[in-house]
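Engineer: Sharing a sequence plus its predicted fold:
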Amino acid sequence: MSTVTETFKIHTLESAPAESKPVLENSKNAYGYIPNLHGVLAEAPELLQAYANLHELFVNSSFNNDELTVVWQTINVEHNCHYCVPAHTAIAKSMGVDDAIIDALRNKTTLPSEKLQVLHETTLALTKDRGVISEAQKEAFFAAGYGQRQLLEIILGLSQKIISNYTNSIAETPVDKAFQKFV
């Protein structure tokens, strides 16, 4: 018995379901093009909208650009996301994140500050253990200067990344030209 694997469509403004078109238009306005991930997500309008909403909420959380990058890339690297690791490398560079942070996250080496290292370790624990972290990890997180709000905001970032990382895994989303140099 043979199986048939269907290639996931990367929607354009013309091919997308009507409910996805406004979100894709926002993507095109924001980036100058529609990222392949957004084109794939457009097949399920609610998922595309959820991703866009979660992204906006996470970007507006209490984390600064370095911390956003630590959460995103920790999850992307752990999930081995062929698309999001280069995409968030480009995004981090555009946000002015230091190359030492970007490289440490990609290479799984120690981050340049203890506070960011604790954020990375906490995010990694939440990702690997599906939301379960030890009391010692919580204590280290709080001792580093973070609070309950930030612990919960990691879950917000994780929610966004699960959508993108899992979608890219099943759809084998091609990496956009803008991100190719960071593969």
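Structural biologist: That came through, no problem.
Engineer: Relative to Gln180, how far out is Gln160?
Structural biologist: 23 Å (C-beta to C-beta, to the nearest Å). For glycine as for every other residue, the C-beta is placed from the backbone atoms N, C-alpha and C.
Engineer: When these two are compared, which one has more neighbours?
Structural biologist: Gln160 (22 against 11; other C-beta atoms under 10 Å).
Engineer: Roughly how far does that one sit from Ala92?
Structural biologist: 15 Å.
Engineer: Check Arg130 too.
Structural biologist: Distance from Arg130 to Ala92, by C-beta to C-beta: 26 Å.
Engineer: Looking at these two, which is more packed in?
Structural biologist: Higher neighbour count among Arg130 and Ala92: Ala92, with 24 against 7, using other C-beta under 10 Å.
Engineer: close enough to count as contact, that one and Thr69?
Structural biologist: Yes: in this structure, Ala92 is within contact of Thr69 by C-beta atoms under 8 Å, at 4.4 Å.
Engineer: So, low pLDDT: which residues of the chain?
Structural biologist: Residues of the chain meeting the criterion pLDDT under 70: 1-5.
Engineer: So which residue is dead centre in it?
Structural biologist: Most central in the chain under C-alpha atoms, centre = their mean is Lys161, positioned 4.0 Å from the mean C-alpha point.
Engineer: residue contacts, the spatially closest residue to that one that is not a sequence neighbour?
Structural biologist: The shortest distance from Lys161 to any non-neighbouring residue, by C-beta to C-beta, 6 or more residues apart in numbering, is to Ile75 (4.1 Å). Contacts for Ile75 were tallied using C-beta atoms under 8 Å, 6 or more residues apart in numbering; they are Thr123, Thr127, Gly157, Leu158, Lys161, Ile162, Asn165.
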